[in-house]
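Novice: Based on what follows, work out the 3D shape:
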Amino acid sequence: MEAKKFLSLLGWVMLGSWLIHFLVYYLIDSHREIYSVEEIVSGIVFILITVSIYFTGVHLYYKFSKVRS
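Specialist: Predicted structure coming up:
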């Protein structure tokens, strides 16, 4: 597997696992004892921003790198 494809797959797995994590806690914790709705929303926003920065970094690395794959 190419490194760029692996890093992209890793990014999608990170994004999906965190979104599922927050969704599951939202669905099973009806009394909001673990996470409040504000914490869930801030967690989702944080992971979306972080993964976007990750994908941008991977894309820019392979765009300007001498390693072509």
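
Novice: Please name the nearest non-neighbouring residue to residue 44.
Specialist: Spatial nearest neighbour of residue 44, chain neighbours left out: residue 22 (5.5 Å); criterion: C-beta to C-beta, 6 or more residues apart in numbering. C-beta here means a position set from N, CA and C on the backbone, and glycine is covered the same way.

Novice: Number of residues surrounding that neighbour?
Specialist: 17 (other C-beta atoms under 10 Å).

Novice: I'd guessed it sits against residue 42; true?
Specialist: No: look at residue 22 against residue 42 with C-beta atoms under 8 Å: they stay out of range, at 9.9 Å.

Novice: Give me the common contacts of those two.
Specialist: The contact sets of residue 22 and residue 42 do not overlap (C-beta atoms under 8 Å, 6 or more residues apart in numbering).

Novice: So which residue is dead centre in this structure?
Specialist: The structure's the chain has its C-alpha centroid closest to residue 15; by C-alpha atoms, centre = their mean the separation is 2.7 Å.

Novice: Quick check: chain neighbours aside, which residue is closest to that one?
Specialist: Nearest non-adjacent residue to residue 15 (C-beta to C-beta, 6+ apart): residue 51, at 4.6 Å.

Novice: In terms of secondary structure, what does the lengthiest helix in the chain contact?
Specialist: In the chain, taking DSSP state H as the definition, the longest helix is helix 37-64. Using 3 or more C-beta pairs under 8 Å, 6 or more residues apart in numbering; DSSP states H and E as the contact test, the elements touching helix 37-64 are helix 3-28.

Novice: the inter-axis angle of the helix it packs on versus helix 37-64?
Specialist: Inter-element angle recorded for helix 3-28 and helix 37-64: 170 degrees (by axes from the mean of the first three to the mean of the last three C-alpha atoms, to 10 degrees).

Novice: And helix 3-28, what's buried?
Specialist: If you call a residue buried by 16 or more other C-beta atoms under 10 Å, then helix 3-28 has these buried ones: 4, 7-8, 11, 15, 18, 22, 26.
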